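Asker: 3D, please:
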Amino acid sequence: MKRRGIIIAVIVIGLIASPWILGAMWIAGCSIYGKIDELRYSPTAQFQATDWKSPDKKYRYSVLDYVPAKVIIAGMKEEAVEGLLGRPDSLTEKNEWQYETARPGWHFIDFSGGGLLIEFDSHHRVAKISKNLWVD
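Answerer: Numbering: from 1, shown residues only. Just a heads-up that it's a prediction; the model follows:
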């Protein structure tokens with residue numbers, strides 16, 4: 001009889017504690033995923049035009065320092081930029097091209113964004129290249 005009472009107590013405690021245990025497992029799993037994702041998309045200097053054009057915006061983040069330094073240079077024509085990077089994700093009124101990126105990792109609440117902003121002059125040549133990051 002005493003053994004039955006212990007078993008019932010353990011089951012009741014397990015049922016009461018299960019939401020917290022599952023929540024802790026979820027948080028731990030998300031944190032582990034975030035660290036693996038950050039390692040997977042660590043900054044690199046291996047630019048691939050096909051990867052940049054793919055829907056994976058985390059890859060873009062990993063080469064965000066390399067592209068304005070080595071791939072897109074001032075004076076480059078719009079057609080050449082489009083050939084390397086594809087069509088921009090958005091255009092501004094001042095003939096600027098915005099390429100969006102996504103920060104790797106897991107973030108519970110993340111309102112940040114950004115990417116690569118390319119400004120063109122009146123002759124449709126690259127005038128300025130910059131990384132732009134923001135928090136909404």
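Asker: quick check, residue 4 in a helix?
Answerer: Yes - under DSSP: H, G, I helix; E, B strand; the rest coil, residue 4 sits within a helix.
Asker: So it versus residue 10, what's the distance?
Answerer: According to C-beta to C-beta, to the nearest Å, residue 4 stands 11 Å off from residue 10. The C-beta positions use only the backbone N, C-alpha and C, and glycine is treated the same way.
Asker: What separation do you get for residue 104 and residue 92?
Answerer: For residue 104, the distance to residue 92 - C-beta to C-beta - is 26 Å.
Asker: Comparing the two, which shows the higher neighbour count?
Answerer: residue 104 (20 against 11; other C-beta atoms under 10 Å).
Asker: could you list every residue that touches that one?
Answerer: Contacts for residue 104 (C-beta atoms under 8 Å, 6 or more residues apart in numbering) come out as 37, 38, 40, 41, 58, 61, 62.
Asker: try 7 Å
Answerer: When contacts are counted by C-beta atoms under 7 Å, 6 or more residues apart in numbering, residue 104 touches 37, 38, 40, 41, 58, 61.
Asker: Quick one, which of those are buried?
Answerer: Among those, the ones that count as buried by 16 or more other C-beta atoms under 10 Å are 41, 61.
Asker: Which members of the contacts of residue 104 occur in helices, if any?
Answerer: The helices, defined by DSSP state H, take in 37, 38, 40, 58, 61 from those.
Asker: All set, thanks.
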